[in-house]
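>>> what's the 3D shape of this:
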Amino acid sequence: MKRFLTVLTLIVLIITTSAQQNLLQYQSFGIGGSDTSLTEVTVSGSELMIHSANKKSDNPIPGTAKHSTFIDYAHDTAFYQLYYSETEKYFSGFSLKNSNEYVFEKSEKIGKYNCKKYTTTLFSNKMEIWICEDLGFRATPTTTFANLPGTVVQIIRNGNYVTNLISIKKVKNIKNLIPSNLGTFLDGRSLNNLEKEKLTITIPVFEDAQICFNPKIIKPTTIPYDTTLSFSNGTVILKRIHVKELPPHYQIFAEVTERSNGDAYDRTGSIFIIPVDKTPNFSNALLEGIEKLPIFTDKNKEEYQGIKLEENYIPLVELVRFFTPFGVHYFNQYRSLHNKDWEDAAYYKQDISDLRDFLKGDVYIGAFIGNYDAGGHKLSLDIKAYPEDREWIIPENPTTWSLPLFNTCNVMEMSGQNYGKLFETDSLKVTFYVPEGISNLRLRYISTGHGGWDTGDEFVPKENTIIIDGKVCFKHTPWRSDCGTYRAFNPASGNFWNGISSSDYSRSGWCPGTATQPVYFNIGNLKPGKHTITVAIPQGAREGNNFSAWCVSGILLGDLK
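Numbering: from 1, shown residues only. Here you go, the predicted structure:
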């Protein structure tokens, strides 16, 4: 009799285990939207395996991993695994218990399933969850609700995003769902960071490169690949790199880190690309001298080198205009602030996706910080690209069009390139041509005013006027009134009797320790052919040896039909 009961128990266990081997499919979608995602959940006894059932890309982006979530109900544990290869696997483990407080509302039938409806709040989102306890097993498409009894049938978030159970299939001969070797263990935050880092394309350009004033520096005679070179008495650094073309869905950012290496003052900085399609170009000036650049002469008979588009010359493409703070890092030990700690570096991160046309193939990328200090500054630059899609697809034909128009930022200041003082008596006028098939034209415009005495243009708002084909189209007054926000980046800033620091003062489009944001002017659809654009600024008059200047850069952007 005892043996019979043992055999009966074994048969019941086999039947029960077999009944618990199921494959569930869930569908998720936004109400009113067209995007649908599928999730498969495999159930074997007290174990679950959850993974995406969406169609796999034939050409996935770099850094793509297989990822699965495993649940072990018997031990109240879940595992999240990233699988890159047999030799590169990572996982994180966590308890199914959480602090969610569920409210049972009512029993309700969803399709053919008798369910209990629960509600909870998750990161300010209202969650409604329907659970069926009649199926004889536990299953969920997300570990968030794994501690509820039964099988998740439906989830609605904020009334507008739905996850539904759409099918259950019996399966047989399932081996253990949870692998015996999940890979290298990482805590949850580290695993999440690793997954994002693998998907991010990082192009290192400069690492702690010195930008300083050094008249004894030996000027390079060539520009080899992947070598950081110094020009213009050390105040310009340049590197020639090769950049693989990216699919248009990638968002591209420039990340800049700057520390003082001895210079105490706020300085103009620029991250730029040299277009080398035509000769002469800016690289010729760096190698052979400023006289290689075309000259514009203003009404005061002053000369300005290489500042605007000419028939055989393309000006610098400015990626980021930034301003160093007063001595961050180097001078942190010299002063203290009440209830504040000095930052160790200035950090600038700017979206440069609209300049992707210049970030492919052979790229000459540089950085400038105008300064007169032998220690100067240390600067690092990375270009980072973040995917918005899972597929790597390069269009057969270009979809965008770009044309640099002007750039008065005198990055070769230490080689004699003039400040942008022309607006005192003149305007900046550029002739350009729009080819056939261009639409949605925009002007990417950066403008900052300089002249650091009381009535200089640094401290006086000045309206910038943009004129196209003789018609005033746009007016813009660059101004920053939030400079006091960045006090912790400015240890060497002057402190005045009234409690204000010099770094607190509002300025013409910039603050010490910040990047200046481009503004965009929608031009629309210009007819193909010749056009002119004019920039006019009421620049202030000189006072003794003091003068004002304006650094303006403009790039025309468009779409190809």
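>>> CA only for contacts and neighbour counts going forward, please
OK.
>>> Check which helix or strand residue 555 maps to.
In this structure, residue 555 sits in strand 549-560 according to DSSP states H and E.
>>> Please spell out which residues along that strand are buried.
Residues of strand 549-560 classed as buried: 549, 550, 551, 552, 553, 554, 555, 556, 557, 558, 559 (neighbour count, 16 or more other C-alpha atoms under 10 Å).
>>> where does residue 164 land in three-state SS?
strand (DSSP: H, G, I helix; E, B strand; the rest coil).
>>> For the closest residue to it other than its chain neighbours, which residues are in contact?
Excluding the flanking residues, the one nearest residue 164 by C-alpha to C-alpha, 6 or more residues apart in numbering is residue 154, at 4.6 Å. Contacts for residue 154 (C-alpha atoms under 8 Å, 6 or more residues apart in numbering) come out as 110, 129, 130, 131, 162, 163, 164, 165.
>>> can you tell me how far the fourth one sits from residue 342?
Using C-alpha to C-alpha, to the nearest Å, residue 131 is found at 53 Å from residue 342.
>>> How far off centre is the strand holding residue 555?
In terms of C-alpha atoms, centre = their mean, to the nearest Å, the centre of strand 549-560 is set 20 Å apart from its chain centre.
>>> That strand pairs with which strands, parallel or anti?
strand 400-407 (antiparallel), strand 438-450 (antiparallel) (DSSP bridges).
>>> And the average pLDDT for that strand is what?
For strand 549-560, the mean pLDDT works out to 97.
>>> what residues does that strand touch?
317-318, 354, 398-410, 419-423, 437-451, 457, 539.
>>> Would you agree residue 327 is in contact with residue 262?
Yes - counting by C-alpha atoms under 8 Å, residue 327 does reach residue 262; the two are 7.2 Å apart.
>>> more neighbours, the two?
residue 327 (28 against 18; other C-alpha atoms under 10 Å).
>>> for the nearest residue to residue 185 once chain neighbours are set aside, what are its contacts?
Spatially, and ignoring its direct neighbours in sequence, residue 185 is nearest to residue 91 (5.1 Å; C-alpha to C-alpha, 6+ apart). For residue 91, the contact set (C-alpha under 8 Å, 6+ apart) comprises 79, 80, 81, 82, 182, 183, 184, 185, 186, 191.
>>> start to end distance for stretch 62-73?
Start-to-end, stretch 62-73 (C-alpha to C-alpha) is 34 Å.
>>> err, stretch 406-421, not the other one
14 Å.
>>> just stretch 265-280 next, same as before
End-to-end for stretch 265-280, by C-alpha to C-alpha: 34 Å.
>>> if we can go back for a sec, the more surrounded of residue 131 and residue 342?
Per other C-alpha under 10 Å, whichever of residue 131 and residue 342 has more neighbours is residue 131, with 26 against 18.
>>> List the beta-bridge partners for the more buried one.
Counting by DSSP bridges, residue 131 is bridged to residue 116, residue 152.
>>> Wait, it touches residue 149, no?
Yes - the criterion here is C-alpha under 8 Å, and residue 131 meets it with residue 149 at 7.3 Å.
>>> Just give the number of residues close to residue 531.
Neighbour tally, residue 531, other C-alpha under 10 Å: 15.
>>> my bad, should have said residue 333
Neighbours of residue 333 (other C-alpha under 10 Å): 11.
>>> any idea how far it is from residue 327?
With C-alpha to C-alpha as the criterion, residue 333 and residue 327 are 11 Å apart.
>>> Count the residues that sit near residue 170.
13.
>>> Now it. Nearest residue, chain neighbours left out?
Closest residue in space to residue 170, ignoring its immediate chain neighbours: residue 22 at 4.6 Å, by C-alpha to C-alpha, 6+ apart.
>>> Contacts only, for that neighbour.
42, 43, 44, 168, 169, 170, 171.
>>> The same query, at a cut-off of 10 Å, please.
41-45, 48, 137, 139, 168-172, 174 (C-alpha atoms under 10 Å, 6 or more residues apart in numbering).
>>> And those, which is closest to residue 274?
Set against residue 274, the nearest of those by C-alpha to C-alpha is residue 41 (52.7 Å).
>>> confidence score at the closest one?
Residue 41 carries a pLDDT value of 97.
>>> For the stretch 201-350 of the chain, which segments are assigned as helices?
Assigned by DSSP state H, counting those that start in this stretch, the stretch 201-350 of the chain shows helices spanning 282-288.
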